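Undergrad: sequence first, predicted coordinates after that:
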Amino acid sequence: MARHGLDAEAKKGLTLIAPPLLYALAVLAAPLLTILTYSFLKDGYLEVIAEFTWGNYAQVLTDPIVRTIMLRSLIVAAMVTLVTVLLAFPIAYYVSFMVRPERKSMWLFLITIPFWTSYLIRVFLWKVILGYNGVINSTLTGLGIIDEPLTFILYNVNSIVLTLAHAYAPFAILPIFVALEKIDRSLLEAGRDLGESRAMTFWRVTLPLAMPGVIAATLIVFIPTIGDYVTPELIGGGKIPMIANLIQVQMLALDNRPLGSALAVTAMLTVALVSVVFLFLNRRFLRMRQ
Amino acid sequence: MSQRSFEGSGLRIYAILYLLFLYAPIALLPVFAFNSGTIIAFPLQGFTTDWFAQMSTNSTLRRALGNSLTIAVSASILATCLGIFAARATTRFEFPFKGGIMGLIMVPMVLPEIIVAMSLLVVLLGAGLQLSILTVIAGHTLICMPYAIAILSTAFSSLDKSLEEAAYDLGETRWGAFRLVTLPLVMPGIISSLLISFTISLDEFIIAFFLAGNEPTLPTYIFSQLRFPKQIPMIMALGTVLVVLSIVLLAIGEYFRRRGIARISGKDSGGFQ
Amino acid sequence: MSDDHRPMIECQAVQKYYGDYHALRGIDLAIREGEFFSLLGPSGCGKTTLLRTIAGFEGISSGAVLIDGKHMEDVPANKRPTNMVFQSYAIFPHLTVAQNVAFGLRRDPRGKAEKTALVEDVLKMVGLSGYGGRAAHELSGGQRQRVALARALILKPKVLLLDEPLSALDRKMREQMQVELIKLQRQIGITFVLVTHDQEEALVMSDRIAVMFEGEIAQLDGPEALYARPANRRVADFIGVMNFLPARILAETDEGARVEVAGLGEVELPRAQISRANPEDEGVMVGFRPETMTLMGPGQIHYQTRETGATIDEVVYYGDMTYYDLRLDGSARLDGRPRTVRISMRNVFGRDVQDVGTRTQLAWSPGSLVLFR
């Protein structure tokens, strides 16, 4: 009887959440559980044999090709994240601290517009810019700076990093901007008042307070980047695959669903692990602020 | 002060360069869309609108566009409806396992799309279901739902809880209070949720690529054509049209967002009823 | 007004739990018809919960709530004869003033012209004549308050519930609205139940006040009785300022007690002047209000019966009032610690503010003392 009030509210809440929850269970949780199950089963020709094995994971961890691709995905994602966040911070800082309040939303609008245009076409356009007869090469040859088109700028990891850094730029700017906006401006004046230089105030006050935004930006960029499928296909020319391409090849082209599933689960675990580390860092920063 | 303005102008130059970097690829779109050369390279040839004409007579493209619109409209409506339930539940009620349930529903936001696509594909194939635009709608609804919930939760939580109570207190039923007070006030949020979901779905490639079976959507059609150099000028024309469309949609979304703010804080009287 | 004391609201042994949290611990209450009743207490004392159980927004865990003699436990908020003015006013931002006021009339069978006239009447009653076309956001805080009142009163409720309605207003506006609310309540004669944490507001506006602590009613009385004879030390602390001096009971009978008070000496206090101490209090205390004693000075007349020597420790000047902190002669007699008490004096023409360090006499009467034991 004592819990009567709480139960009525809980019932209403659960009734309301039921449709989206059931949908997520059916379309998300069930498929994820399926591939988790598959990842422990054996692969037969054109079918999956219902027999438990660690073999798929052993293969994921030991196969040199898989390892190379996994490592490449991690490195590319880490580089993209680093480049994107480093490039984004000054922009977020500029919009938050230097732009007049009434013009801030216009700047944010300008920053987000490119993000809403076709991802595929944006990625492809980097190929146009970087390609053999691309904008850079034809400009440089036209100006007589080089005789032969540069070949090192396309079909390699650098071009993948550049393309992805461009694609996820707004994702990094917005969380940092939000964190910077939340900083009480009088704290900075207090820092200055207590005799710190502008640079030291930035280092000791602004940057720590902006850290949750930076960490959020890092996660938001890292997660989709590590699973990107399109850029390695288009920019890498299919010759430098990343984890997503490998999963697709195993699942469909080679029809090895258990191994594909094990790869997908490993990728998810990697993402989860990185997220947990960063969320932990974020919590540390939040605790420091109290 | 001079140090500050120096710092400001340095950052300003950086900001402008950054915007150039952001817009560089998109700026190239119309350049090549109106260039009469069949190869995407400099120097430019002459001016032409042929590529747009070619685009408008392409029947596969038309079919892809039709499919994409069907998928985007369905997915955005479904995601927004489910999002309304979730946003209301999470902003108004406490219930057991709330964190876990909301976590699960929001997972697609942090899950690489290839995994969503592959796991769904495995289940669909395993169940012997036919791949079609329906399966794409299911996948897109799933990935749009977290965005819809994020937008709608903001709209719902900025509402004073006592507004609905006041309506109830004044004799309305629960549903009446929701319809007459809550719904009109969160309408801007609903419209931006629809627009964002529509845009996400329209641009989504991976799920569509794997779950559509033989049906083309705009992104999968574009992807398939990028392999053929002679099709690329037409794709540039298509890209130009899509960019313009996105900007129009975004501008509409921004208008409704601002109107929503104006409505709560009171800078614009607007007025339903 | 013949049936003056008929209860309009009755709460019988009302208990309310939120999970394990015991929000209301057996509330027994009868609010009379036509009364201006206040629920007063610090935040978290359960006053708002009690108001919301009367309104029907919160269910009760056990007990009974009756309005106008009818059981309300199964009647939802939208069917109860009560209407509420919310703390935030909850003015519908997408509707005009007139649409807000007419909101509750949607299911009313009356014609449109009749309703429009009714809305204008009610707006006139709250002093917003001609504001019907305004948008909600064009209103000031005080005007929003009036719209909230009009919107509730147009439905002619038997009880109007007000949840901290004045807390968002600035001081001047608040004082003005206090007077207007009293006038309005007298004019329309319906029962008002006000929730407030502001003791001054409760004293100014109410016919009777229930002081609540931790889900229980500590005292239910009229403003004067509450101020002059707090039922226990906690109520005394919460309402106004009270001085406390240690005391010792010399003898106690059914009629009262003879007490020795530090700095004041021996007094006889009748039973009516004896209240409960807090459980955590060490020993017996005697309390009195700052304005009940008189600081002697040139040309000062008074009607007090006794005098005590004192030294002025501190003077705080407020314009219309001056507060004096006095060290009483012999106040250390009971426990070895000297005590200061605060006395307030109205500044009147011809009487100067006295200086710190002045030796003076404090005049007082046993009738203003309350014994807490």
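TA: Arrived safely, thanks for sending. Bear in mind the structure is a predicted one, so any value in this text is a computation, not a measurement.
Undergrad: C-alpha only now, for contacts and for neighbours.
TA: Noted.
Undergrad: contacts only, for the residue of the stretch 101-250 of chain C at minimum distance from chain A.
TA: Shortest the stretch 101-250 of chain C-to-chain A distance, computed as Cα to the nearest Cα: residue-wise this is C:G215, at 15.2 Å. Remark: with contacts taken as Cα atoms under 8 Å, 6 or more residues apart in numbering or on different chains, C:G215 is in contact with C:22-27, C:45-47.
Undergrad: check the gap between B:L78 and chain C for me.
TA: From B:L78 over to chain C the distance is 27 Å, taken as Cα to the nearest Cα, to the nearest Å.
Undergrad: just A:I129 next, same as before
TA: A:I129 is 51 Å from chain C, where distance means Cα to the nearest Cα.
Undergrad: which non-adjacent residue is nearest that residue?
TA: The spatially closest residue to A:I129, leaving aside those adjacent along the chain, is A:V135, at 4.5 Å (Cα to Cα, 6 or more residues apart in numbering or on different chains).
Undergrad: neighbour-wise, which one of the contacts of C:G215 leads?
TA: Counting by other Cα atoms under 10 Å in any protein chain shown, C:K47 has the largest number of neighbours within the contacts of C:G215, with 30 neighbours.
Undergrad: pLDDT value on that residue, please?
TA: Turning to C:K47, the model gives it a pLDDT of 95.
Undergrad: what do you get for B:F42?
TA: At B:F42, the pLDDT value in this model is 68.
Undergrad: dump the residue contacts of B:S74.
TA: B:I137.
Undergrad: could you dump stretch B:166-173 to PDB, C-alpha only?
TA: As requested, the backbone C-alpha atoms of stretch B:166-173 are provided in PDB (Å, rounded to 0.1, in the frame of the first residue of the first chain):
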ATOM      1  CA  ALA B 166      -3.600  23.400 -15.000                       C
ATOM      2  CA  ALA B 167      -5.500  22.200 -18.000                       C
ATOM      3  CA  TYR B 168      -6.500  19.100 -16.100                       C
ATOM      4  CA  ASP B 169      -7.400  21.100 -13.100                       C
ATOM      5  CA  LEU B 170      -9.700  23.300 -15.300                       C
ATOM      6  CA  GLY B 171     -11.800  20.300 -16.200                       C
ATOM      7  CA  GLU B 172     -10.100  18.800 -19.300                       C
ATOM      8  CA  THR B 173      -9.400  15.100 -19.500                       C
END
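Undergrad: mind listing the helices for the stretch 51-200 of chain C?
TA: Assignment of helices within the stretch 51-200 of chain C using DSSP state H, counting those that start in this stretch yields the ranges C:97-101, C:112-125, C:141-153, C:171-188, C:199-205.
Undergrad: between those, which one is nearest to A:R185?
TA: With respect to A:R185, and counting by Cα to Cα, the nearest of the helices of the stretch 51-200 of chain C is helix C:141-153 at 28.8 Å.
Undergrad: pLDDT (mean, whole number) over that closest one?
TA: Model confidence over helix C:141-153 averages 92 on the pLDDT scale.
Undergrad: likewise for stretch A:207-216?
TA: Computed over stretch A:207-216, the average pLDDT equals 87.
Undergrad: is it in proximity to chain B?
TA: No: counting by Cα under 8 Å from any Cα of the partner chain, chain B has no neighbours in stretch A:207-216; the shortest distance is 11.5 Å.
Undergrad: in the stretch 1-150 of chain B, which residue sits closest to chain A?
TA: Of all residues in the stretch 1-150 of chain B, B:F95 sits closest to chain A, with a separation of 4.2 Å (Cα to the nearest Cα).
Undergrad: can you tell me the SS state at that residue?
TA: Following DSSP: H, G, I helix; E, B strand; the rest coil, the label given to B:F95 is coil.
Undergrad: out of the contacts of C:G215, which are inside helices?
TA: Where these overlap with helices, as defined by DSSP state H, the overlap consists of C:K47.
Undergrad: does chain A have contacts with the helix or strand bottoming out on mean pLDDT in chain B?
TA: Within chain B, judged by mean pLDDT, DSSP states H and E, the helix or strand with the poorest mean is helix B:232-265; its value is a mean of 78. Yes: Helix B:232-265 lies in contact with chain A when judged by Cα under 8 Å from any Cα; the contacting residues are B:239, B:242-243, B:246-247, B:250.
Undergrad: I'd like these as TSV, with neighbour count appended.
TA: Below are the residues of helix B:232-265 next to chain A laid out as TSV (neighbours: other Cα atoms under 10 Å in any protein chain shown):
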residue	neighbour count
B:G239	22
B:L242	18
B:V243	21
B:S246	20
B:I247	16
B:L250	20
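Undergrad: any chance of those in a markdown table, plus distance to C:R373?
TA: Formatted as a markdown table, the entries for those read as follows, by distance: Cα to Cα, whole Å:
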| residue | distance to C:R373 |
| --- | --- |
| B:G239 | 86 |
| B:L242 | 83 |
| B:V243 | 82 |
| B:S246 | 77 |
| B:I247 | 77 |
| B:L250 | 72 |
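Undergrad: nearest to C:I274 among those?
TA: B:L250 (73.3 Å).
Undergrad: once you drop chain neighbours, what's closest to A:S118?
TA: Once its chain neighbours are removed from consideration, A:S118 has its nearest residue in B:D203; the separation is 5.6 Å (Cα to Cα, 6+ apart).
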